[in-house]
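Student: Provided below for reference: sequence and predicted model.
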Amino acid sequence: MTNTASQPLFETVAFIGMGLIGSSMARRIKRDGLADKITCAVRSEATRDRVLELGIADEAYCDIKQAVGDADLVMVCAPVGANEAIGAQLTGALKKGAIVSDVGSVKQSVIRDIAPHLDEGVHFVPGHPLAGTEHSGPDSGFPELFEERWCILTPIPGENEAAIAKVKALWEACGMYVECMDADHHDRILGITSHLPHLIAYTIVGTATDLEDALRQEVIKFSATGFRDFTRIAASDPTMWRDVFLNNREAVLDVLGRFQEDLMALQRAIRWGEGDKLFELFSRTREIRRGIVDAGQYFANFSAEGEDRKSDEKSKKKPAE
Ligand SMILES: NC(=O)c1ccc[n+]([C@@H]2O[C@H](COP(=O)([O-])OP(=O)(O)OC[C@H]3O[C@@H](n4cnc5c(N)ncnc54)[C@H](O)[C@@H]3O)[C@@H](O)[C@H]2O)c1
Ligand SMILES: O=C(O)C(=O)C[C@]1(C(=O)O)C=C[C@@H](O)C=C1
């Protein structure tokens, strides 16, 4: 999908944080002329220089207030644990009518940490593009990241409809399908589909890392099997994922409790040789996998080699509602 709008959707978009997600959005906005100008707030001088060198922002500042002063849209693209401090910098810094949005993986905490800091007349439309990789930083972004994936918006009831429509239009122009839901519902769903799998991957790879040296060497040597997929996920950014778990604590602990019970049931079935139970579960989970492929949502591995990505392209199609 490309921008079908004859004009840019925004005059100035300001990014706070220019890592994988911020830089992918900025690349898409630049590529398709979705805004006249991009500014950003980036803390390190080296990254500010890099962002300008890559040509994905027109202006890069250390100071958040300077970066957002002229913005019609501010996209907060930092780890969710930074939101309270970022929100505090937005007070008194924005034009009347400006929209603040974000890409954080947890939505209730983003609303808790940012909304109280926003002045009257500033709109807030939290969002979460369900697309990513295990890489971080401005060099890891690419404009096609969001293509044909879902984006969830979680506006607070009563928020300005025109502001919601503008953020929706931007994500659609970035190639995404957009749906609105409550932040609480979002956090429960993502607790199951994204946060729990990451926790499991970190655990499995952590367990293998703790094995004695000889065994660990062999795990690495023979990891071209199932383990390899877990290592990709477990290579994801530690700051981002620490913040996700600390900020979606209840939903994650809830689903983790259920997962532990299910794991115990499997442990019991293996111990007592209950093959029919194992077979029945593995057959059901296979169906789920088929459902995901049929819904056009299996093309997630955008890892460095690009090899998996190409093969995934074959299964792309518009996802089921
Ligand atoms: N990586 C993914 O797969 C993915 C997918 C969807 C959403 N998200 C969400 O997007 C956000 C950004 O993730 P990312 O993958 O782009 O991370 P990243 O590490 O690539 O980039 C994060 C950026 O935020 C900046 N930053 C960190 N702390 C900051 C602070 N206190 N103040 C200002 N800037 C700060 C960093 O310098 C960096 O530029 C996170 O909230 C994450 O939950 C990530
Ligand atoms: O493909 C990956 O590397 C991801 O983990 C991306 C992923 C996910 O869990 O699907 C990770 C976190 C997000 O908030 C959204 C997307």
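Tutor: Looks like it came in fine. Ligands and ions are numbered 1, 2, ... in the order given.

Student: SS state for whichever residue of the stretch 151-300 of the chain sits closest to ligand 2?
Tutor: Closest residue of the stretch 151-300 of the chain to ligand 2, CB to the nearest ligand atom: S194 (3.2 Å). (Each C-beta comes from the backbone N, C-alpha and C, glycine too.) What DSSP: H, G, I helix; E, B strand; the rest coil gives for S194 is helix.

Student: May I see the buried residues of stretch 265-283?
Tutor: A269 (16 or more other CB atoms under 10 Å).

Student: and the stretch 1-150 of the chain, which residues reach ligand 1?
Tutor: Applying CB under 6 Å from any ligand atom, we find that the stretch 1-150 of the chain lies next to ligand 1 at 16-22, 42-43, 77-80, 82, 85-86, 103-105, 128-129, 132-133, 136-137.

Student: filter the residues you listed by proximity to ligand 2?
Tutor: Filtered for proximity to ligand 2 (CB under 6 Å from any ligand atom), those shrink to S105, G132, T133.

Student: what about W150, how many neighbours?
Tutor: 16 (other CB atoms under 10 Å).

Student: E172 too?
Tutor: With neighbours defined by other CB under 10 Å, the count for E172 comes to 18.

Student: Which element, helix or strand, includes it?
Tutor: When elements are assigned from DSSP states H and E, E172 belongs to helix 161-173.

Student: Contact partners for the residue lying closest to L190 once chain neighbours are set aside?
Tutor: In this structure, L190 finds its nearest non-sequential neighbour in S105, 6.6 Å apart by CB to CB, 6 or more residues apart in numbering. Counting by CB atoms under 8 Å, 6 or more residues apart in numbering, S105 makes contact with V80, H128, L190, S194, H195, M240, V244, N248.

Student: again, but for A269
Tutor: Going by CB under 8 Å, 6+ apart, A269 touches K277, L278.

Student: what's the spacing between it and F279?
Tutor: Distance, A269 to F279, using CB to CB, to the nearest Å: 10 Å.

Student: Okay, strands next: where are they in this structure?
Tutor: For the chain, the strands defined by DSSP state E occupy 10-16, 35-41, 59-61, 73-76, 99-102, 123-125, 127-129, 150-153, 177-180.

Student: Let me have the ones you listed in JSON lines, extended by distance to N160 and mean pLDDT.
Tutor: Compiled in JSON lines, these are given as follows (distance: least, CB to CB, whole Å; pLDDT from 0 to 100):
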{"stretch": "strand 10-16", "distance to N160": "15", "mean pLDDT": "98"}
{"stretch": "strand 35-41", "distance to N160": "19", "mean pLDDT": "98"}
{"stretch": "strand 59-61", "distance to N160": "27", "mean pLDDT": "98"}
{"stretch": "strand 73-76", "distance to N160": "13", "mean pLDDT": "98"}
{"stretch": "strand 99-102", "distance to N160": "8", "mean pLDDT": "98"}
{"stretch": "strand 123-125", "distance to N160": "5", "mean pLDDT": "98"}
{"stretch": "strand 127-129", "distance to N160": "15", "mean pLDDT": "98"}
{"stretch": "strand 150-153", "distance to N160": "13", "mean pLDDT": "98"}
{"stretch": "strand 177-180", "distance to N160": "13", "mean pLDDT": "98"}
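
Student: Not counting sequence-adjacent ones, nearest residue to A78?
Tutor: Distance criterion CB to CB, 6+ apart; nearest residue to A78, sequence neighbours excluded, is G17 at 3.6 Å.

Student: burial measure for the one you found, as a count.
Tutor: Neighbours of G17 using other CB under 10 Å come to 23.

Student: Ok, L54 next?
Tutor: Neighbour count for L54, taken as other CB under 10 Å: 16.

Student: measure it to C62 for me?
Tutor: Distance from L54 to C62, by CB to CB: 18 Å.

Student: Likewise for I200?
Tutor: 38 Å.

Student: okay, the two: which has more neighbours?
Tutor: Neighbours were counted for I200 and for C62 using other CB under 10 Å; I200 has more, 16 against 12.

Student: ok, the more buried one - contacts?
Tutor: Contacts here follow CB under 8 Å, 6+ apart; on that basis I200 touches F230, F259.

Student: switch to 10 Å and redo it
Tutor: F230, I233, A234, L256, F259, L263 (CB atoms under 10 Å, 6 or more residues apart in numbering).

Student: same check, this time on I164
Tutor: Neighbour list for I164: I99, S101, H123, V125, G127, L153, P155, V178, C180 [criterion: CB under 10 Å, 6+ apart].

Student: Which of those residues sits closest to ligand 1?
Tutor: Once CB to the nearest ligand atom is applied, the member of the contacts of I164 that ends up nearest ligand 1 is G127, at 9.4 Å.

Student: what number of residues lie near the closest residue to that closest one other than its chain neighbours?
Tutor: Using CB to CB, 6+ apart and skipping residues adjacent in sequence, the residue nearest G127 is L153, 4.7 Å away. L153 has 21 neighbouring residues, counting by other CB under 10 Å.
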